[in-house]
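Asker: missing the sequence, but the structure's below:
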Ligand SMILES: [Ca+2]
């Protein structure tokens, strides 16, 4: 019985899959979805945060409360939505004491993320330096307390425009935005809105991968079965092999 060429073809299949998948993830053709899953209206919610601005009596100021980050309202030009100026922290952030927000999604589901969009504009003007500057994007796939891994650090320009930051698709049940600097103020850090979008992989690409993986699994199973068959044959041969007959005698069938 000849040895089948399964191992070689399995390896080639694996290489083929890697060759297909790697460029897909490396060349960044993966689109971001159109639905902002951080938006309160889509089930996004703030699960924890470092601080929000308090008045002199220690009361939360609704116009600066943290939920303003996901209310879908933006300060645009001279227009400020009523009671939604953006989020303001209680203190200025630093590397040692960053200000942060943790966002969860509808039904606490884990999502595959692709893009975050920051609108830094609040009711305060940019020149007083309170708007967000550097932030780290971190994700947890387990609990709101982590462990968190850092996806990347991003720089937000001190301009009145929404700024999108794309990254390699990453799973997240909770997203922590860790703000380490503003644009110079020693009072607080502010942001207008945070939007988060999922990675969209074309169905045809997924279907193709599933078919290839199923084929590869089939080949590996056949290879395993062949190995087992060979081992059984060898055991059988060892058990049934007769010792060599002594010299000078003849075996059966002397015709
Ligand atoms: Ca807002």
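Answerer: Arrived safely. Note that the coordinates shown come from a computational prediction; the quantities given were computed from them, not determined experimentally.

Asker: Contact residues of the stretch 151-255 of the chain facing the ion?
Answerer: Taking C-beta under 5 Å from the ion as the contact definition, the stretch 151-255 of the chain meets the ion at residue 193. Every residue, glycine included, has its C-beta placed from N, CA and C.

Asker: Below-threshold pLDDT in the stretch 151-255 of the chain: ranges please.
Answerer: For the stretch 151-255 of the chain, the stretches with pLDDT under 70 are 242-255.

Asker: can you give me the strands in it?
Answerer: Counting by DSSP state E, counting those that start in this stretch, the stretch 151-255 of the chain has strands at residues 163-172, 174-179, 190-191, 193-200.

Asker: Pairing partners for residue 100 in the sheet, please.
Answerer: Bridge pairing for residue 100 (DSSP bridges) gives the partners residue 178.

Asker: make that residue 135, sorry
Answerer: Residues in a beta bridge with residue 135, per DSSP bridges, are residue 154, residue 179.

Asker: how near is it to residue 55?
Answerer: 26 Å (C-beta to C-beta, to the nearest Å).

Asker: More neighbours: those two, which one.
Answerer: Relative neighbour count places residue 135 above the other of residue 135 and residue 55, with 28 against 9, counting by other C-beta atoms under 10 Å.

Asker: which residues does that one contact?
Answerer: Shown in contact with residue 135 (C-beta atoms under 8 Å, 6 or more residues apart in numbering): 118, 153, 154, 156, 177, 178, 179, 180.

Asker: change it to 10 Å
Answerer: Counting by C-beta atoms under 10 Å, 6 or more residues apart in numbering, residue 135 touches 93, 98-101, 116, 118, 152-156, 165, 176-181, 189, 191, 194.

Asker: Quick check: which of the strands of the stretch 151-255 of the chain is buried the most?
Answerer: Most buried of the strands of the stretch 151-255 of the chain, by mean neighbour count (mean count of other C-beta atoms under 10 Å): strand 190-191, with a mean of 28.

Asker: Quick check: beta-bridge partners of the most centrally placed residue in the chain?
Answerer: By C-alpha atoms, centre = their mean, the chain has its centre lying nearest to residue 170, at 1.2 Å. Note on residue 170: beta-bridge partners by DSSP bridges are residue 113.

Asker: what about it, distance to the ion?
Answerer: Per C-beta to the ion, to the nearest Å, residue 170 is found 24 Å from the ion.

Asker: any idea which helix or strand carries the closest residue to residue 151 other than its chain neighbours?
Answerer: Computed as C-beta to C-beta, 6 or more residues apart in numbering, the closest residue to residue 151 that is not its neighbour in sequence is residue 137, at 4.4 Å. Secondary structure from DSSP states H and E places residue 137 in strand 134-140.

Asker: what do you get for residue 48?
Answerer: Using DSSP H and E, residue 48 sits in strand 45-49.

Asker: tell me what the next helix or strand after that strand is packed against?
Answerer: Downstream of strand 45-49, the next assigned helix or strand under DSSP H and E is strand 87-88. If you count contacts as 3 or more C-beta pairs under 10 Å, 6 or more residues apart in numbering; DSSP states H and E, strand 87-88 packs onto strand 99-104, strand 190-191.

Asker: which of these sits most buried?
Answerer: Scoring the helices and strands packed on strand 87-88 by mean neighbour count under mean count of other C-beta under 10 Å gives strand 190-191 as the most buried, with a mean of 28.

Asker: So which residues make contact with that strand?
Answerer: Against strand 190-191 from outside (C-beta under 10 Å, 6+ apart): 53, 64, 66, 68-69, 85-89, 99, 101, 118-124, 126, 128-132, 135, 156, 177, 179, 182-183.
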